[in-house]
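Peer 1: I would like to see how this sequence folds:
(one chain, ligands or ions: 1)
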Amino acid sequence: MLAAMVLPCPFSPLSPAVMGGDDGFMCLAYNESLLAWKEDEVPVGAVLVLDGKVLICEHNRVRQNGDPSAHGEMLALRSAAKLLGDWRLCGCTLYTTKEPCPMCSGACAMARVARVVFGVADPLMGCLGGCGHDLSQVATFYHRFTAKGGVLANEIRPVLRTFFQQRRNGSIKGVAKNQTFPLTNFHPRPN
Ligand SMILES: [Zn+2]
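Peer 2: Sure thing, here's the model as predicted:
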């Protein structure tokens, strides 16, 4: 019954041409975002990498966990900290398909990640420059990190656009008819 409510996902997983590198790891994040879609979650995927090795692949689970903090990035940070036995994720790179929100950008600073690579910018909630605030480079914070946007943005943008377009069109009765996410504002930021 519940499965029938899920919006059909017209996108297929990507196969990275080369395993590793920003494009390769972002492919994995993209594929995670499709898993989120299939679970009726906003399609955002996140991958945490250390020394060129994938530690964790995660995706949004807000709806299924009933947890507003269950963004893919947060779940990836938590799982990686458990895996490494250290809350400081020094040297780690977080790949995420969408520019991180205030919570996730802040968590990256708290977790001491070295680098965040994202796909599409979010001019409303993105806090690595997209909304006008950049939490990666706050002078008074204990930790700053580098951020790079626009990776696989051309592949990721249609996924988010189509997902919210379907919701807006009321493709599924009763699903998020009040969704106000912008359809046209996703755009890659310069690296
Ligand atoms: Zn977030």
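
Peer 1: wait, does stretch 131-139 make contact with the ion?
Peer 2: No - applying C-beta under 5 Å from the ion, one finds stretch 131-139 out of contact with the ion, separated by at least 11.4 Å. C-betas here are computed from N, CA, C, even on glycine.

Peer 1: residues from the protein in reach of the ion?
Peer 2: So the chain meets the ion at 71, 101, 103-104 (C-beta under 5 Å from the ion).

Peer 1: next, the buried residues of stretch 57-64.
Peer 2: By neighbour count on 16 or more other C-beta atoms under 10 Å, the buried set for stretch 57-64 is 57-62.

Peer 1: list the helices and strands the longest helix along the chain packs on?
Peer 2: Across the chain, the longest stretch assigned as helix under DSSP state H is helix 21-38. Helices and strands touching helix 21-38, by 3 or more C-beta pairs under 8 Å, 6 or more residues apart in numbering; DSSP states H and E, are strand 45-50, strand 53-59, helix 72-84, strand 92-98, strand 115-120, helix 153-168.

Peer 1: would TSV of the buried residues of stretch 57-64 with pLDDT and distance to Asn154 be doable?
Peer 2: Converted to TSV, the buried residues of stretch 57-64 look like this (pLDDT from 0 to 100; distance: C-beta to C-beta, whole Å):
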residue	pLDDT	distance to Asn154
Cys57	98	21
Glu58	98	23
His59	98	20
Asn60	98	21
Arg61	98	26
Val62	98	26
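
Peer 1: quick check: beta-bridge partners of Lys98?
Peer 2: Beta-bridge partners for Lys98, by DSSP bridges, are Val120.

Peer 1: these two touch, right, it and Pro123?
Peer 2: No - with contact defined as C-beta atoms under 8 Å, Lys98 does not count as touching Pro123 (11.3 Å).

Peer 1: so the two - more neighbours on which side?
Peer 2: Lys98 (32 against 16; other C-beta atoms under 10 Å).

Peer 1: who's in contact with the more buried one?
Peer 2: For Lys98, the contacting residues are 44, 118-120, 122, 126, 156, 160, by C-beta atoms under 8 Å, 6 or more residues apart in numbering.
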